[in-house]
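[1] Everything below, folded, please.
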Amino acid sequence: MRITSRLADDRAADPGTVYSSVNPARTHETVAEVALTTAGTFAAACATARERQPAWADVPAPVRGRVLGAVGRIVEANAEVLARLVTREIGKPYAEALGEVREIVDTCEFFLGEGRRLYGETVPSEMPDKQLFTFRNPVGAVAVITAGNFPVAVPSWYLVPALLAGNTVVWKPAEYAAASAHALFALFQAAGLPDGVLQLVFADGEATFAGLAHALESGTIDKVGFTGSTEVGRRIGELCGRHLQSPCLELGGKNPMVVTPSADLDLAVEGALFAGFGTAGQRCTSLGTVIAHRSVHDEFLRRFTAAVEAAPIGDPAGDVVLGPLLDARFAARFEEFLGWIGPHHTVSGSSATGRITEDAARKGFTGDAASGLYYHPVVVAGVTETDDIFRHETFGPLVGVIAYDTLDEAIRLSNLPGYGLSSAIYTNEPDEVFAYRRGVSAGMLSVNNSTSGAEAHLPFGGNGKSGNGSRQSGRWVLDQFTRWQSMNWDYSGRLQKAQMDVADVTPDLGFRL
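    From the prediction side, this is the model:
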């Protein structure tokens, strides 16, 4: 399948290179040939988005909400086909892919109603015959750049609220998930979006960055949304800052899970297995380090190791906990992370480390070891707070384990890497829950649940190296895609000056009983 950018008026994109999106479970199988385009095409799409935005903003918000509601119904009707494509293109286990598609539906259902709730307020004035108002206005044209580990759900977190609020969008997805993005774009278009309101641009990172720089300089982009690495997020944040814009950044994570003495260890193991090795550990909310109290550390590690050793691995179309890594570039990077394992560490979880091969087999493995990007899951105990494995995101199936003695120490260790996306604590003591909540820097906290698993109506996002404090999902994301406008209406027929022409009631402040 050959896919190309989808621009307004069916304009052709400038020709660039061709990228092959392959099935990571069978790398000899090409899912799509992707025609990448140039910085000029990206910038031109932004200019078109800016031109088309006023007309889209003039469509009443409840009508825009109905369009997004229709997107949800169309996605739901195509859920299994879309989920199978996601599984084939990025190797996500089918059950997880189906859940990802459900998240699009949930997001659309939520924002269908928000089309009738883009509320402003009437505010009493301090002067007579005068009224004050606030309004939400769309920001304008939005550039959205997304990663491919959640190729359809995460884009919907941007596209749905941005379009609902009256913005137009230029979307640049990851090349290695281009077929899934192309399918999602077609589903959005089927809901009746006017031409040019949503455009899809395929380009590599440098062409995208150059095109974005040109669009910001030209004033054709009013907001940038980015999901990806902390390193690239810094570059985009710096670029936007030069133009006095605040981007919506959702970046990496080194997500901690604290296991306290009162924790249900079986439940904690179940949560750690899903958070650490679901999507092969390639979520921004994947578990990075288990911080286990010294009194339960050894028993937790024993049970966790047994669970990881028993976890089914293989063809993502089957019933497995983890399939292959997303793409060859992530596999190569993960092998670098494995190089951080030192002689003071104890490694468990599988029969080997590194890639699953005939010579380094995994019991019960059901995939194609010769062609697929399959890796052994790794549990690394004996981690110290100075280890790279502890301090940096290891995007892949690797979880570290470290011991703590006091809850204050667990909080310090949770915050030490400098990320602040997701966190979890397993405990049956309410005082520990609230002490951890107060102390942890993460934007999201789960109690007796995993670090992964967002709901469509709760704010999603992080702090520190995980983001700039912006939030996605729920009504909170509307603050990213709207701007508040205040208006005062004086119908007194005379100039009333605020803070000057105000009626004064004089109290007797010296009065005493």
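
[2] Can you give me the neighbour number for the residue nearest to residue 109 when sequence neighbours are not counted?
    Distance criterion C-beta to C-beta, 6 or more residues apart in numbering; nearest residue to residue 109, sequence neighbours excluded, is residue 72 at 5.4 Å. Heads up, the C-betas are built off the backbone N, CA and C, glycines and all. Counted with other C-beta atoms under 10 Å, residues neighbouring residue 72 total 22.

[3] Kindly export the helix or strand harbouring residue 72 (C-alpha atoms) in CSV.
    Applying DSSP states H and E as the criterion places residue 72 in helix 61-77. Provided in CSV are the C-alpha atoms of helix 61-77 (Å, rounded to 0.1, in the frame of the first residue of the first chain):
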residue,chain,number,x,y,z
ALA,A,61,-19.9,24.6,18.7
PRO,A,62,-22.8,22.1,19.2
VAL,A,63,-22.6,21.3,15.5
ARG,A,64,-18.8,20.8,15.7
GLY,A,65,-19.5,18.5,18.7
ARG,A,66,-21.9,16.4,16.6
VAL,A,67,-19.2,16.0,14.0
LEU,A,68,-16.8,14.7,16.6
GLY,A,69,-19.6,12.5,18.0
ALA,A,70,-20.0,11.0,14.5
VAL,A,71,-16.3,10.4,14.4
GLY,A,72,-16.7,8.2,17.5
ARG,A,73,-19.5,6.2,16.0
ILE,A,74,-17.6,5.6,12.8
VAL,A,75,-14.5,4.6,14.7
GLU,A,76,-16.6,2.2,16.8
ALA,A,77,-18.1,0.6,13.7
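
[4] How far off centre is that helix?
    Put simply, helix 61-77 sits 21 Å off its chain's centre (C-alpha atoms, centre = their mean, to the nearest Å).

[5] Name the residues that touch that helix?
    56, 82, 101, 104-109, 111-116, 118, 160, 163-166, 184, 187-188, 190-193 (C-beta atoms under 8 Å, 6 or more residues apart in numbering).

[6] Give me the mean pLDDT for it.
    Per-region confidence: helix 61-77 scores 97 on mean pLDDT.

[7] Can you mark which positions in that helix are buried?
    61, 64-72, 74-76 (16 or more other C-beta atoms under 10 Å).

[8] Tell me the helices and strands packed up against the helix or strand just after it.
    Per DSSP H and E, the first helix or strand lying C-terminal to helix 61-77 is helix 79-90. Packing partners of helix 79-90 (3 or more C-beta pairs under 8 Å, 6 or more residues apart in numbering; DSSP states H and E): strand 18-23, strand 26-35, helix 94-114, helix 178-190.

[9] Tell me which residues of the helix or strand following the second one come out buried.
    Elements were assigned by DSSP H and E; along the chain past strand 26-35, the next helix or strand is helix 39-58. With burial defined by 16+ other C-beta under 10 Å, the residues of helix 39-58 counted as buried are 39, 41-50, 52-53, 56-57.

[10] mean confidence score for stretch 19-30?
    97.

[11] Kindly apply the preceding question to stretch 464-482 instead.
    Here the average pLDDT along stretch 464-482 is 93.

[12] swap in stretch 422-439?
    97.

[13] Pull out the C-alpha coordinates of it and format them as PDB.
    Below are the C-alpha coordinates for stretch 422-439, written out as PDB (Å, rounded to 0.1, in the frame of the first residue of the first chain):
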ATOM      1  CA  SER A 422       2.800   8.900  36.300                       C
ATOM      2  CA  SER A 423       3.300   7.100  39.600                       C
ATOM      3  CA  ALA A 424       1.700   4.400  41.800                       C
ATOM      4  CA  ILE A 425       1.600   3.300  45.400                       C
ATOM      5  CA  TYR A 426       0.300   0.000  46.700                       C
ATOM      6  CA  THR A 427      -0.800   0.300  50.300                       C
ATOM      7  CA  ASN A 428      -3.800  -0.200  52.600                       C
ATOM      8  CA  GLU A 429      -2.900   2.700  54.800                       C
ATOM      9  CA  PRO A 430      -4.700   6.000  53.900                       C
ATOM     10  CA  ASP A 431      -2.100   8.100  55.600                       C
ATOM     11  CA  GLU A 432       0.500   6.700  53.300                       C
ATOM     12  CA  VAL A 433      -1.700   7.500  50.200                       C
ATOM     13  CA  PHE A 434      -2.000  11.100  51.100                       C
ATOM     14  CA  ALA A 435       1.600  11.600  52.300                       C
ATOM     15  CA  TYR A 436       2.700  10.100  48.900                       C
ATOM     16  CA  ARG A 437       0.300  12.200  47.000                       C
ATOM     17  CA  ARG A 438       1.600  15.400  48.700                       C
ATOM     18  CA  GLY A 439       5.200  14.500  48.100                       C
END
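
[14] Quick check: buried residues in that stretch?
    Result for stretch 422-439 [16+ other C-beta under 10 Å]: buried residues 422, 423, 424, 425, 426, 427, 432, 433, 435, 436.

[15] ok, now stretch 22-40?
    In stretch 22-40, counting by 16+ other C-beta under 10 Å, buried: 22-27, 31-32, 34-39.

[16] what's the neighbour count on the nearest residue to residue 480 once chain neighbours are set aside?
    When the adjacent residues along the chain are set aside, residue 480 lies closest to residue 248, with 4.6 Å between them (C-beta to C-beta, 6+ apart). By other C-beta under 10 Å, the residues close to residue 248 number 26.

[17] same question, residue 463
    16.

[18] can you check residue 224 too?
    22.

[19] gap between the helix or strand encompassing it and the chain center?
    Using DSSP H and E, residue 224 falls within strand 223-227. Centre-to-centre, strand 223-227 and its host chain are 11 Å apart (C-alpha atoms, centre = their mean).

[20] What is the subsequent helix or strand relative to it?
    By DSSP H and E, the next helix or strand past strand 223-227 is helix 230-241.

[21] Determine the set of other helices and strands touching that next one.
    helix 205-218, strand 223-227, strand 248-250.

[22] mind putting these in JSON lines, distance to residue 357 and mean pLDDT included?
    Converted to JSON lines, these look like this (distance: least, C-beta to C-beta, whole Å; pLDDT from 0 to 100):
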{"stretch": "helix 205-218", "distance to residue 357": "31", "mean pLDDT": "97"}
{"stretch": "strand 223-227", "distance to residue 357": "32", "mean pLDDT": "97"}
{"stretch": "strand 248-250", "distance to residue 357": "35", "mean pLDDT": "96"}
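
[23] right, and these - which one's nearest residue 198?
    strand 223-227 (13.3 Å; C-beta to C-beta).

[24] Now the buried residues of stretch 422-439 in JSON lines, please, with extra columns for distance to residue 456 and secondary structure.
    Output for these, formatted as JSON lines (distance: C-beta to C-beta, whole Å; DSSP: H, G, I helix; E, B strand; the rest coil):
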{"residue": "422", "distance to residue 456": "16", "secondary structure": "strand"}
{"residue": "423", "distance to residue 456": "20", "secondary structure": "strand"}
{"residue": "424", "distance to residue 456": "20", "secondary structure": "strand"}
{"residue": "425", "distance to residue 456": "24", "secondary structure": "strand"}
{"residue": "426", "distance to residue 456": "25", "secondary structure": "strand"}
{"residue": "427", "distance to residue 456": "27", "secondary structure": "coil"}
{"residue": "432", "distance to residue 456": "29", "secondary structure": "helix"}
{"residue": "433", "distance to residue 456": "24", "secondary structure": "helix"}
{"residue": "435", "distance to residue 456": "29", "secondary structure": "helix"}
{"residue": "436", "distance to residue 456": "25", "secondary structure": "helix"}
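
[25] Mind jotting down where the strands sit in the stretch 401-513 of the chain?
    Under the criterion DSSP state E, counting those that start in this stretch, strands of the stretch 401-513 of the chain are mapped to 419-420, 422-426, 444-447, 463-464, 482-490.

[26] how about the ones you listed in JSON lines, adding distance to residue 211?
    Listed next are those as JSON lines, based on distance: least, C-beta to C-beta, whole Å:
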{"stretch": "strand 419-420", "distance to residue 211": "29"}
{"stretch": "strand 422-426", "distance to residue 211": "32"}
{"stretch": "strand 444-447", "distance to residue 211": "32"}
{"stretch": "strand 463-464", "distance to residue 211": "29"}
{"stretch": "strand 482-490", "distance to residue 211": "24"}
